[in-house]
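# Got a sequence here, can you build the structure:
(2 chains)
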Amino acid sequence: MDAGLVRTYLGVPLYRPKVAFFEFSSCEGCQLQLLNNESSLLDFLALVDVVNFREAMKEKADDYEIAFVEGSITRSDEAERLKDIRSKAKVLVALGSCACFGGVNQLKNRFSLDWVKKEVYGNSPVETEPVRPLGDVVRVDLKIFGCPVKKEEVEKIVTNIAVGKAVAHPKYPVCTECKANENICLFDLGEPCLGPITRGGCDSWCPNSRFGCWGCRGPAEDANVEQLKKIMKEYGFSEDTILDRLECFGGFSAFADTLRKSGEKNKGTSA
Amino acid sequence: MIFRVFAREELKKLFDAMASKNKIVGPVEIARDHNGKPLFAFNEVNSFNDIKLDYTTTKLSAKKYFLPYKEDLAAFRMDENDWQKKVDYNISEPFIFFGLHACDINALNKLDKVLMGSVYPMPYYAAKRKNMFIVGIDCTPQPYCFCRSMGADTALHGFDMFITDIGEKYFVEILSDTAFNFLKNIRTAEPIEADHIHYMKVASEKNKKFTAHVDTTDLTKILDMEFQSDVWKQWGEKCLACGSCSKACPTCYCYGVEETVDINLRGAKKTKKLYSCNLIDFAEVAGGHNFRPERHVRLKYRYYHKHRGFVEAYEESLCVGCGRCGEACLANITVPEVIASVRGEEN
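Predicted coordinates for the structure are as follows:
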């Protein structure tokens, strides 16, 4: 820890919290997001004292105040390790869709564990449990959404923590930012999109490249999922298309479960 | 009022005369939708051939040029124990709108009243508004256009020249000396009786093409009476609370301001972003109380501002009937249908 790095804000020296980064079942892409913008990396490191970050350094310390945790919980030993992190950290931050909702990993929860193990590991089965977001195992103080998280957003949150400003997520859906970016609505182009119901804050990252939203940030705070289902139908998209997107990252699991069950029921009656 | 006529081929010369020394913004085709229909937007143009003067309606209004969706109001530079503020009205040069429809010109006139006519004008808007030259162009009513119901189908002021296609010639109305001087670059003539007849014929043909209507008779009173009507709840059930209506609207001016500190702590910004009264936290105040947590109440508020509150303050509606909000709404919530339902009519 280099005391010379400590920053001042309007003449006031800032407290530089000790932070640690951890990962569970995930691709570690969210942590990589934080490292891959060299232009602001040193400024980021000046605001926080990183004591543990496997992807970036070999030193390891257990003395930290803020734990940024990526990934979901899929094994009993992961749950124990997470509880240990929680006991050491004053603040635990769920970093990314896996940590917040289970992420892409939770897709396996739709199948029986025996089938999943056989499909993935064949004759060398390993222990695996249904995927859980961090919040199902320990108390989570702050969620940072996205698959992956948006680096600018994490930097803004960390800057706000450093200077003592409140941290707030947008409550509105992706459409709000998408329209401000003057994008052509993907529905006009005949593409499905979860932008109308998914929490904004990503600056409509995917629709900016004419790629429909898959809902990685979970539902906006007044998400009208029922209406979007009707709209998708009017535009000629099948229920499977909607379901694929709703269940992809786990943020819409409650809605996806209902839709899946009603779909199975309908198939049952028609068969 | 000064009227002139000029031959069709002169229009390109007029454009070129304007473009030689000025930035020009006009309607362009940006893509085709999944039905093959062209989609239009206002963008900066360099060539007359890029402009689509027979455009229907742009998906988004032209407001990014006078009310940007996102605009830095101030930048701060922070030194050891001191700070400096820098204000920029974010306009570097005058520009020309080439091809605004009457509804969009009327939208500017309404915004002028709010943003320049009050005790505290908004300099960021005024700086842009005072530096724009407007060439209006006539249009063909689309199925969603109800500008005639809102009295916004013709523009009486707020532009420099207004061009109407009357067949073999263009008929031009001149409202500023700058416009008069620009027209010296091309061959124009005094309109003759036949031109007047052609103009009136075009106007009357246009009027026959309106299919969407809004009955504004006693509307402020009816909105007052129907404040508790169940129809609001029905529309609220459909509303996605995404704010696309406000983003597409040429007159929605509500905004939020956010202050951010740069990660290097040496700079900060005060940024204005256009917001929408349909978004969940529009009426959330310090302490967390939300005065309008329900979708139907927020949707109703937007209609009350456009069609009641603004009318009481300015004796005109804040809606110009361009129909963009309905076109942008995936849930098909349109002004003619909402107002008709409030009046207890089938649209």
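# Pop the domain breakdown of the chain in here.
I went with chain A, as the question did not name one. The record's domain parsing of chain A by automatic domain parsing lists A:3-163, A:174-270.
# wait, I meant chain B there
B:2-63+B:91-208, B:219-253+B:277-342.
# deepest of these, which one?
domain B:219-253+B:277-342 (a mean of 19; mean count of other CB atoms under 10 Å in any protein chain shown). From N, CA and C alone the C-beta is placed, and that goes for glycine too.
# Now the terminal residues of stretch A:218-234, how far apart.
Stretch A:218-234 has an end-to-end distance of 23 Å (CA to CA, to the nearest Å).
# per-residue confidence averaged over it?
Per-residue pLDDT over stretch A:218-234 has a mean of 96.
# hey, where'd the helices end up in the chain?
Here I'm looking at chain A. Using DSSP state H, the helices of chain A run over A:29-35, A:38-47, A:76-88, A:97-101, A:113-121, A:151-163, A:174-180, A:225-234, A:239-248, A:253-270.
# try again with chain B
Using DSSP H, helices in chain B cover B:10-19, B:102-115, B:123-129, B:177-182, B:193-208, B:219-225, B:231-238, B:244-248, B:295-304, B:310-314, B:324-328, B:335-342.
# Could you provide those helices in CSV, with additional columns for distance to residue A:12?
Formatted as CSV, the helices of chain B follow (distance: least, CB to CB, whole Å):
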stretch, distance to residue A:12
helix B:10-19, 53
helix B:102-115, 38
helix B:123-129, 31
helix B:177-182, 53
helix B:193-208, 65
helix B:219-225, 52
helix B:231-238, 47
helix B:244-248, 39
helix B:295-304, 40
helix B:310-314, 45
helix B:324-328, 46
helix B:335-342, 52
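# Which one of those lies nearest to residue A:261?
helix B:231-238 (22.5 Å; CB to CB).
# Mind telling me which residue of the stretch 51-200 of chain A is nearest chain B?
Taking CB to the nearest CB, chain B has its nearest neighbour within the stretch 51-200 of chain A at residue A:190, 3.0 Å off.
# Count the residues that sit near that residue.
12 (other CB atoms under 10 Å in any protein chain shown).
# Next, it: phi, psi?
Dihedral pair for residue A:190: phi 80, psi 20, per degrees, to the nearest 10.
# which residue sits closest to it, ignoring its sequence neighbours?
residue B:34 (3.0 Å; CB to CB, 6 or more residues apart in numbering or on different chains).
# now residue B:331
residue B:238 (4.2 Å).
# Does the one you found touch residue B:337 like I think?
No - if you go by CB atoms under 8 Å, residue B:238 and residue B:337 don't touch, sitting 10.5 Å apart.
# what pLDDT does the closest residue to residue A:113 other than its chain neighbours get?
Of all residues not flanking residue A:113 in the chain, residue A:128 sits nearest, at 6.4 Å (CB to CB, 6+ apart). Listed pLDDT for residue A:128 reads 90.
# give the contact list for the most centrally placed residue in chain B.
Central residue of chain B (CA atoms, centre = their mean): residue B:250, 2.5 Å from the mean position. When contacts are counted by CB atoms under 8 Å, 6 or more residues apart in numbering or on different chains, residue B:250 touches B:61-63, B:103-104, B:107-108, B:320, B:322, B:324.
# Neighbours of the residue nearest to residue A:113, how many?
Residues near residue A:128, counting by other CB under 10 Å: 16.
# Equivalent analysis for residue A:26, please.
Neighbours of residue A:26 (other CB under 10 Å): 23.
# which residues are in contact with stretch A:236-245?
A:192, A:194, A:212-215, A:228-229, A:232-233, A:256, A:259-260, A:263.
# can you check stretch A:128-143 too?
Looking at what lies outside stretch A:128-143 - CB under 8 Å, 6+ apart - the contacts are A:24-25, A:69, A:72-76, A:79, A:82-83, A:85-86, A:91-94, A:98-103, A:105-106, A:108-109, A:113, A:116-117, A:157, A:167, A:169, A:250.
# With stretch A:44-55 instead?
A:1, A:5-7, A:14, A:16-23, A:28, A:31-32, A:34-35, A:56-57, A:59-64, A:66, A:155, A:158-159, A:162, B:263, B:265.
# repeat for stretch B:33-40
A:184, A:188-190, B:27-32, B:52, B:55-59.
# Which pair in those residues has the greatest spatial separation?
Between any two of the contacts of stretch B:33-40 (CB to CB), the greatest distance is 23.1 Å, for A:190 and B:27.
# ok so, going back, now, the most widely separated pair of the contacts of residue B:250?
So, those by CB to CB: farthest apart are B:108 and B:324, at 14.8 Å.
# hmm, back to that, show me which of the contacts of stretch A:236-245 neighbour chain B.
residue A:228 (CB under 8 Å from any CB of the partner chain).
# and the residue nearest to the centre of chain B, how far is that from chain A?
Remark: distance between residue B:250 and chain A (CB to the nearest CB, to the nearest Å) = 13 Å.
# No more questions from me, cheers.
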